[in-house]
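Colleague: Any chance you can model this:
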Amino acid sequence: MKGKIVDHVDITPKVVQLLFSREGSNIMRTIQRETGTYIYFDKHSLLVSIFGSLDNVDRAQQRFIGSLLALHENKQLEVHLRGGLLPHDLMKRVVQTFGPDLSALKEKVPGAEFSLNTKRHCIYINGTKDMKQSVEDIISEIAQRSFPIQTTGDDADCPVCLCELEDPYKLEACCHVFCRTCLLEQCESAIKSREGFPMCCLHQGCAEPILLADLKSLLSIEKLEELFRASLGAFVAANGSTYRFCPSPDCPSVYRIADPDMVGAPFACGACYVETCTSCHLEYHPYLSCETYQKVKDDPDCSLEEWSKGKDNVKKCPVCRFTIEKVDGCNHIECKCGKHVCWVCLLFFDTSDNCYDHLRSVHRSIT
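Modeller: Numbers count the residues shown, from 1 in each chain. Next up, the predicted model:
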């Protein structure tokens, strides 16, 4: 049984990644329960398939698209304090200016609720888009002006949590020291959100890559494999117009998408042995264009129509529309529906005698 793949112009890989969150999982569970369908989320290919009756699947798809886009809209109320041209110490500046709980920021933007995610260097805003814009303007001003940084002189604070180092770990490439739990949180956050790749040192002004030796020291083999899969997934999501995962469920293989002006070559997966068309991303279909194969796949009768074209010995029963192929014999045909059909003019009768009488009187022959 094959489900219907959710295909919508606004459901981009970035939006689908919200299904890794608790809110995204709740959306799938709720829709499944209320529509009597099953929703399968392939975490490798970022494809979502819905199983069930046609009416229930259509209803579930509409609700799924609307709910996920609404969640994406809500998730946009975040202000990032890291990345791009932002100062590497911006979060520390914000904490020094507004306090760890951002209480002073609440006074500047009344009605909004804020929370600071120190692991992701991000401010979450519970409010309107205008409030978000006000916060972005305030943060932009802080980022642009000269700012005195308060230090202890011995660099004893963790650059991530801004607290005294606990169970310190020194990175191999740059020798910067972090709380071990903060580095583990950085890895866990990257696994869950598929963001933050490539993983780099978060110390002010550094951005050296975190080496494989560090990851092996910090993570179990299972977590390391999860991180690798998340990294590959993030790469494919960021390059969705160039690469795709093999459509087989949970298959880790990746293939390059064919150029729009070229015929898609088959991708033969070395992991699951499935052949995929690199243009339409369906099963490979030699001798058929992607458009024709899609029609055949969506409408089983379409392939019969294609086969019947131009064949004088293939007609449809005038009563039940069943396709009949006449190989040889006389012009009397008995259809599966029980009617007796004249092959010459397609008149139909209740008995074979009536059909033969018609052939003799009208067409002068039964052959």
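Colleague: wait, isn't Ser193 in contact with Leu19?
Modeller: No. Contact criterion Cβ atoms under 8 Å: Ser193 and Leu19 do not qualify, at 11.4 Å. In this view, the C-beta of every residue, glycine as well, is placed from N, C-alpha and C.
Colleague: Which one of the two is surrounded by more residues?
Modeller: Leu19 (19 against 15; other Cβ atoms under 10 Å).
Colleague: To what extent is the residue nearest to the more buried one when sequence neighbours are not counted buried, counted in neighbours?
Modeller: Nearest in space to Leu19, with sequence neighbours left out and distances taken as Cβ to Cβ, 6 or more residues apart in numbering, is Phe41 at 5.2 Å. The burial count assigned to Phe41 is 16, neighbours taken as other Cβ under 10 Å.
Colleague: so what pLDDT did Phe41 get?
Modeller: Turning to Phe41, the model gives it a pLDDT of 89.
Colleague: before we move on, what about the one 5 residues further on?
Modeller: The confidence metric pLDDT takes the value 81 at Leu46.
Colleague: That one contacts Lys14, doesn't it?
Modeller: No. Taking Cβ under 8 Å as the definition, Leu46 is not a contact partner of Lys14, at 9.5 Å.
Colleague: just to revisit the earlier point, so what pairs up with the residue nearest to Leu19 in the strands?
Modeller: Val48 (DSSP bridges).
Colleague: isn't it right next to Ser21, touching?
Modeller: No. With contacts counted by Cβ under 8 Å, Phe41 stays clear of Ser21, the gap being 11.9 Å.
Colleague: helices or strands up against the longest helix along the chain?
Modeller: When the chain is parsed with DSSP state H, its longest helix is helix 54-75. Judged by 3 or more Cβ pairs under 8 Å, 6 or more residues apart in numbering; DSSP states H and E, helix 54-75 is in contact with helix 13-16, helix 22-35, strand 47-51.
Colleague: which helices and strands does the second one pack with?
Modeller: Under the contact criterion of 3+ Cβ pairs under 8 Å, 6+ apart, helix 22-35 touches strand 38-42, helix 54-75.
Colleague: how about the ones you listed in CSV, adding distance to Gly270?
Modeller: Listed next are those as CSV, based on distance: least, Cβ to Cβ, whole Å:
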stretch, distance to Gly270
strand 38-42, 18
helix 54-75, 32
